[in-house]
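Chemist: please find the sequence and the predicted model below.
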Amino acid sequence: HNKLEQTLSNKNLKNYGIAIYSLDKNHYYFSKNIESPLTPASLTKLVTTFNTIKLFGKDYNYSTEIYYDGKIISDTLQGNLIIKGAGDPLFTTSDLEVLVDKVKKYGINYIKGDIVADGRIFDNIKHRIEYSGDADVVEPTPPITGLSIDNNTVTVLVTAGAGTNEKPRVQVFPKSPYFNIINDCKIISPRTKHKKNVRSKRNKSRTENIKLLNYYGDQLSIQNISKDPIITTSNKMTNYQNIYVRGTITKNTTKSFQYHINKPNLAFAGVMYELLKSAKITINGNYREVEPNELILYPNLIFVGDLKRSIWDVINLVNKNSNNYLAENLYKLYFNQIQKNSNIKFNQIKDSISKNLFIKCENCKINDGSGLSRRNLVTPSMLINLLINSYNSEFKDNFINSLSIAGVDGTLRNRLKNHFTFNNVYAKTGTLRNVSGLAGYLNSLNGEKLAFVFIFNGNDLGYYKSLENKLCEILCSINFRKWK
């Protein structure tokens, strides 16, 4: 007890909360300011993942499904092929190839209708800033939609051949007619060494890819910036997304760029349209989204096939790697379900958030799912109760294993490598410019299982991280049978 008090004795340490709870003996060993509302940063993801599992159950699967309307005569579908989204944020082009194969095996070789994407499991609010109420984006994340493809991100690959009298080849992945390429890029010969050195002194960014590393809510964000060539994409919400390729590229080189997809549901339909054609299925119609007032009665449609994914595949990435985009997808899935029993709009539901949480907290405020919002508030006691409830639940092992392991993986892979803490602390980290936090489980020296929450608000992140490490080292090295 004295060691903990001494560790926290810095007079500049003011806005913080500490909770240490014995899961074996069901009582607090130590607590400081546990009812104080504090900004949690990515500890918010514990709230998001826990509440989602409590609502949907530990065995919940996303199910992206294919149906058709009309009728099949011989091998010809006289009607539309419809893809019903489930909000699966990990869905990839490879997954879509599996569904296309199921269409082929169903016996459909001709489609006299459209390829229709139905992502209406979510509404049209696609970005965190629209519902968080924050004044700034903090970190740009892809749109959150009922049908996602490749993280709702398009990769642009520019490849220059050996000749300078031709344009470079431009490819987009995933391939979809939704993307419209405008290629005005030119291929140039490499500069001589002397000229290249002179040029680099004037403007290094013209000839180098610069990696920008930033931490947003503990998720490492890597952005490749290159002036050579220049790639831009339109932000207008039309039925296609322009991708402009300008500037120059050195011959015999390849460069890659990534951008968010403006209308993922429509792009998804376009990707499936292309994959069906590649599978030798003839389509007489077009690709499109469901019309706003279009009536689709799935009980009256014919089921073709589906692709299921465990929700734990998403939760593991959210808690272990602190993925902000996936956290916001879970948040939207959770409140989409809540909305079914209320008349509250999604961008208003945050105002009554405490009423919709399984662990009640009068002083808590949750504006998003990732913790990017600096206006989020939780109390250490609320998070301890969440950890206790999870530990005593049927999904105990799944939840603990979704957390980062000290010195091993996730956001703790480079921390807590001390003899006592290594592979012995399972926790979620939290980081913003003025917030540091750590919460999870550990074993003491005598094997006693503890839940802990550390939250620090202030402007000394390095110091707070060192405090978290020190507190974990103390707890893992103590024999609680001799605790006084």
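Modeler: Happy to help now that I have it. Residues are numbered from 1 along each chain as shown.

Chemist: was I right to think residue 142 contacts residue 264?
Modeler: Yes: between residue 142 and residue 264 there is a contact at 7.5 Å, judged by CB atoms under 8 Å. (Glycine included, C-beta is placed from N, CA and C.)

Chemist: what residues do the two have in common as contacts?
Modeler: Both residue 142 and residue 264 are contacted by 148, 152, under the criterion CB atoms under 8 Å, 6 or more residues apart in numbering.

Chemist: which one of these two has more residues nearby?
Modeler: Set residue 142 next to residue 264 and count neighbours by other CB atoms under 10 Å: residue 264 wins out with 30 against 23.

Chemist: any figure for the gap between that one and residue 152?
Modeler: 4 Å (CB to CB, to the nearest Å).

Chemist: before we move on, what about residue 231?
Modeler: As it turns out, when the distance is counted by CB to CB, residue 231 lies 18 Å from residue 152.

Chemist: ditto for residue 447
Modeler: As defined by CB to CB, residue 447 lies at a distance of 45 Å from residue 152.

Chemist: more neighbours, these two?
Modeler: For the pair residue 447 and residue 152, the greater number of neighbours falls to residue 152 (25 against 10), based on other CB under 10 Å.

Chemist: which ones are touching that one?
Modeler: Residues near residue 152 by CB under 8 Å, 6+ apart: 142-143, 145, 260-261, 264.

Chemist: just to revisit the earlier point, list residues touching both of residue 264 and residue 152?
Modeler: The contact lists of residue 264 and residue 152 share 142-143, 145, where a contact means CB under 8 Å, 6+ apart.

Chemist: relative to residue 391, which of those residues is nearest.
Modeler: When the shared contacts of residue 264 and residue 152 are ranked by distance to residue 391 (CB to CB), residue 142 comes first, at 33.5 Å.

Chemist: beta-bridge partners for residue 173, please?
Modeler: residue 155 (DSSP bridges).

Chemist: pLDDT wise, what is it at?
Modeler: What the model reports as pLDDT for residue 173 is 96.

Chemist: pLDDT weak spots in this protein?
Modeler: In the predicted model, the chain carries pLDDT under 70 at residues 192-227, 237, 341-356, 480-484.

Chemist: can you pull out the helices in it?
Modeler: 2-7, 44-56, 93-105, 128-132, 193-202, 264-278, 311-321, 324-339, 380-391, 396-401, 461-477 (DSSP state H).

Chemist: turn those helices into TSV, columns for distance to residue 64.
Modeler: Converted to TSV, the helices of the chain look like this (distance: least, CB to CB, whole Å):
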stretch	distance to residue 64
helix 2-7	49
helix 44-56	16
helix 93-105	7
helix 128-132	23
helix 193-202	48
helix 264-278	10
helix 311-321	13
helix 324-339	13
helix 380-391	28
helix 396-401	22
helix 461-477	39
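
Chemist: could you point out which of those sits nearest residue 430?
Modeler: Relative to residue 430, the nearest member of those by CB to CB is helix 44-56, separated by 7.6 Å.

Chemist: which strand residues bridge the residue nearest to residue 88 when sequence neighbours are not counted?
Modeler: The shortest distance from residue 88 to any residue that is not its chain neighbour, by CB to CB, 6 or more residues apart in numbering, is 3.8 Å, and that residue is residue 62. Taking DSSP bridges, one obtains residue 309 as the residues bridged to residue 62.

Chemist: measure residue 62 to residue 305 for me?
Modeler: Residue 62 sits 15 Å away from residue 305, going by CB to CB.

Chemist: cool, residue 276 as well?
Modeler: Relative to residue 305, residue 276 is positioned 13 Å away (CB to CB).

Chemist: list the residues that contact both of the two?
Modeler: A shared contact of residue 276 and residue 305, defined by CB under 8 Å, 6+ apart, is any residue touching both; here these are residue 103.

Chemist: comparing these two, which residue is more hemmed in?
Modeler: For residue 276 versus residue 305, neighbours defined as other CB under 10 Å are more numerous around residue 276 (22 against 16).

Chemist: how far away is the more buried one from residue 111?
Modeler: 7 Å.

Chemist: try residue 265
Modeler: When CB to CB is applied, the distance between residue 265 and residue 111 equals 19 Å.

Chemist: who has more neighbours out of these two?
Modeler: For residue 265 and residue 111, the more surrounded residue by other CB under 10 Å is residue 265, and the numbers stand at 29 against 24.
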